[in-house]
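> got a sequence here, can you model it:
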Amino acid sequence: NINLVIHVDGGLKFPNEIMTRSLLEFQKKFQIVSYVPFKAFSCGTLLALCGSKICIGLYGFISPIDSQHTFNVPNMTNSVRYSSRNIMNLGDEISSTDNIYKMMVFEAKQYHESDRNLLTEVMKYHKYSDEIIANIVKCLSSGEIYYHDYIFGFEFIKQNMKLNIFREMPQEIYDLVSLL
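Down below sits the predicted model:
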């Protein structure tokens, strides 16, 4: 068995994609139990969903998966961070001569589609029905219903997404996270 303890605010897309694909490979030989005592946001949500068993603590949450982009915006001293979905929504408002912003929109669309495809792949691995997968993808990666910083608790996940999750959380997991 692999016990995967997730306590994260999110992360970078490409390392997360590598970890997600690796966990799916490990699933072929090991049972992975994902523990989310408190938070598995964004990339952490995708990692948690790799588990063949997902345990969410009493105060545990997951959030939508929506790659974030950091850009150095002209005439600003600091970089700015945007979600893929928000950048995509800018697409129609960007002038045809603004190549930097057009490139941002193009990249955001690619990231967004990649997020949706990887989430679908993870859910198919666990043999959820097409209907449940479509609903999970809509809730967690569309950006149409729930924005990037929305949080989903146990009951919502169980009832609305129909994910097979559990409330089991060994005290050792809480003790481990308290060391962070």
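
> Tyr128 is in contact with Ile136, isn't it?
Yes: with contact defined as C-beta atoms under 8 Å, Tyr128 reaches Ile136; the gap is 7.1 Å. Glycine gets a C-beta too; all of them are placed from N, C-alpha and C.

> mind listing the shared neighbours of the two?
Among the neighbours of Tyr128, those also in contact with Ile136 (C-beta atoms under 8 Å, 6 or more residues apart in numbering) are Lys162.

> pLDDT below threshold where in this protein?
By pLDDT under 70, the low-scoring segments of the chain are 71-80, 91-98.

> on contacts alone, who are the packing partners of the helix or strand containing Asn117?
Using DSSP states H and E, Asn117 falls within helix 99-125. On a contact count with 3 or more C-beta pairs under 8 Å, 6 or more residues apart in numbering; DSSP states H and E, helix 99-125 meets helix 13-26, helix 43-49, strand 68-72, helix 84-90, helix 130-141.

> tell me the most buried of those?
helix 43-49 (a mean of 24; mean count of other C-beta atoms under 10 Å).

> which strands and helices sit next to it?
Going by 3+ C-beta pairs under 8 Å, 6+ apart, helix 43-49 lies up against helix 13-26, strand 32-36, strand 61-62, helix 99-125.

> put the alpha carbons of the helix or strand that it is followed by into CSV.
Counting by DSSP H and E, the next helix or strand C-terminal to helix 43-49 is strand 53-56. What follows is strand 53-56, C-alpha atoms only, in CSV (Å, rounded to 0.1, in the frame of the first residue of the first chain):
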residue,chain,number,x,y,z
LYS,A,53,-9.6,5.0,-1.6
ILE,A,54,-10.0,8.7,-0.7
CYS,A,55,-10.3,9.7,3.0
ILE,A,56,-11.3,13.3,3.8
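
> and strand 53-56, which residues are buried?
54-56 (16 or more other C-beta atoms under 10 Å).

> strand partners (parallel or antiparallel) of that strand?
strand 32-36 (parallel), strand 165-166 (parallel) (DSSP bridges).

> may I see the buried residues of the helix holding Asn117?
Residues of helix 99-125 classed as buried: 101, 104-105, 107-108, 111-112, 114-116, 118-120, 122-123 (neighbour count, 16+ other C-beta under 10 Å).
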